[in-house]
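Participant: build me a model from this:
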Amino acid sequence: MSTSAGPSGSKMDAESEVKRNPHPDFKGVEASRPPFDPTSSFHFVQTPKPDWQPGDGANDKSKLHLNHREIDPYQEGRPIVHNYKLLISGIVPRPVGFVSTLTEGGKSTNLAPFSYFNLINHDPPLFMLGFSGGFQRPKDSLSNLAATKECTLNIISEDFIEAANYTSLNCPPDVSEWAFSGLTPAKGSVVKCDRVKEAVFSIEAVLVETREWESKVTPGKKSGVLAIVEGVRFWVREDAIDDEGTMIDPKVLKPVSRLGGITFGRTTEAYELPRPTFDEVTKDPEVAKLAAPKGNGQ
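Facilitator: Here you go, the predicted structure:
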């Protein structure tokens, strides 16, 4: 079942409307690039400027002279799809929600990736999913979630990114994406929706609430639905989790992020930055001066 609809339009014509792929000959362009390097594994490096001090500001100030362009999202003549393309290229990197659902009655399965996805709370564990379009023309995942009140969230790793991407295929409603992906369904313990066995981390979830949004460009048109789901079971592969069950190893998870257009990213390099505490940093007299009240004009 298809979940590939973009910011507007039917599921079957959404990609032609959005024009996400900038390459007429994608395979030719891909062949011209360096091959994927599987030896580049997750590792830590220093921060960009280890000697940074409070008040230093940005590391590179050479671009401060450049002006910014102001964009009114509702400017007359600006297609709403331009806002979609701008936002998905600027709010990056984003986690990808890989969502498994069942039709009411369990007759058909659905598996689809969503880049409007994130964690919003830990007690209870809450996650948000954003669906383009309203309930009058719902994506199959939304229809199933609304009907059964459950889903399974799977985190995509680079080991199966091609398979996950293929589940965005615009299948007819009675055709499941699972077979096209070649991924392995695995049973959970609370919800009926299978998790992806290849996923290092999966979450069984139940629906908490939904909210439908109305377009500000076309009054009366429903433009999207927010779904909040609660995680009720976590599944983490044994080689990825610590003894306390509190930390997933990024070297094993190999998380994939969503960028703009048709671009994805891999995470192989990281650095650590401890959070500062006010009482500690202001023990330095020079840093304490930054907390001093400033008069008008300063």
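Participant: residues touching residue 229, list them.
Facilitator: Applying CB atoms under 8 Å, 6 or more residues apart in numbering to residue 229 gives the contacts 126-129, 145, 151, 153, 205-208. In this view, the C-beta of every residue, glycine as well, is placed from N, C-alpha and C.
Participant: beta partners for it?
Facilitator: With DSSP bridges as the criterion, residue 229 is bridged to residue 127, residue 207.
Participant: please identify the helix or strand for residue 212.
Facilitator: Taking DSSP states H and E as the criterion, residue 212 maps to strand 201-214.
Participant: most surrounded residue in the contacts of residue 229?
Facilitator: Each of those was scored for neighbours by other CB atoms under 10 Å, and residue 205 scores highest at 29 neighbours.
Participant: these two touch, right, it and residue 127?
Facilitator: Yes. With contacts counted by CB atoms under 8 Å, residue 205 reaches residue 127, the gap being 6.5 Å.
Participant: list residues touching both of those two?
Facilitator: Taking CB under 8 Å, 6+ apart as the contact rule, residue 205 and residue 127 both touch 153, 229-231.
Participant: pull out the buried positions in the longest helix along the chain.
Facilitator: What stands out as the longest helix in the chain, according to DSSP state H, is helix 80-90. Neighbour counts over helix 80-90 (16 or more other CB atoms under 10 Å) mark 80-81, 83-85, 88 as buried.
Participant: and stretch 157-172, by the same measure?
Facilitator: 157-161, 163-168, 170-171.
Participant: export the residues you listed to a markdown table and tack on secondary structure and distance to residue 281?
Facilitator: A markdown table is the format used below for these (DSSP: H, G, I helix; E, B strand; the rest coil; distance: CB to CB, whole Å):
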| residue | secondary structure | distance to residue 281 |
| --- | --- | --- |
| 157 | strand | 38 |
| 158 | helix | 38 |
| 159 | helix | 42 |
| 160 | helix | 44 |
| 161 | helix | 41 |
| 163 | helix | 47 |
| 164 | helix | 43 |
| 165 | helix | 44 |
| 166 | helix | 49 |
| 167 | coil | 47 |
| 168 | coil | 46 |
| 170 | coil | 53 |
| 171 | coil | 55 |
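Participant: that older thread, so which elements touch the strand holding residue 212?
Facilitator: Contact here means 3 or more CB pairs under 8 Å, 6 or more residues apart in numbering; DSSP states H and E; on that basis strand 201-214 packs against strand 125-132, helix 140-148, strand 150-155, strand 195-196, strand 222-236.
Participant: any buried residues in that strand, and which?
Facilitator: Using 16+ other CB under 10 Å as the test for burial, strand 201-214 gives 201-205, 207, 210, 213.
Participant: got the buried residues of stretch 157-172 as TSV, with distance to residue 114 columns?
Facilitator: Formatted as TSV, the buried residues of stretch 157-172 follow (distance: CB to CB, whole Å):
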residue	distance to residue 114
157	16
158	18
159	20
160	16
161	15
163	16
164	11
165	12
166	15
167	11
168	9
170	15
171	16
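Participant: circling back to that earlier point, and which of the contacts of residue 229 is nearest residue 111?
Facilitator: Proximity of the contacts of residue 229 to residue 111 (CB to CB) peaks at residue 151, which lies at 10.4 Å.
Participant: starting at the chain centroid, how far to the strand holding residue 212?
Facilitator: 14 Å (CA atoms, centre = their mean, to the nearest Å).
Participant: what's around residue 39, how many residues?
Facilitator: With other CB under 10 Å as criterion, residue 39 counts 4.
Participant: and it, what pLDDT?
Facilitator: Residue 39 carries a pLDDT score of 90 in this model.
Participant: same question for residue 19.
Facilitator: Per-residue pLDDT puts residue 19 at 74.
Participant: next: residue 142.
Facilitator: Looking at residue 142, its pLDDT is 95.
Participant: dig out what the residue nearest to it when sequence neighbours are not counted forms beta bridges with.
Facilitator: Distances taken as CB to CB, 6 or more residues apart in numbering put residue 131 closest to residue 142, at 4.5 Å, once the chain neighbours are dropped. Listed by DSSP bridges, the beta-bridge partners for residue 131 are residue 225.
Participant: no further queries at this time; thank you.
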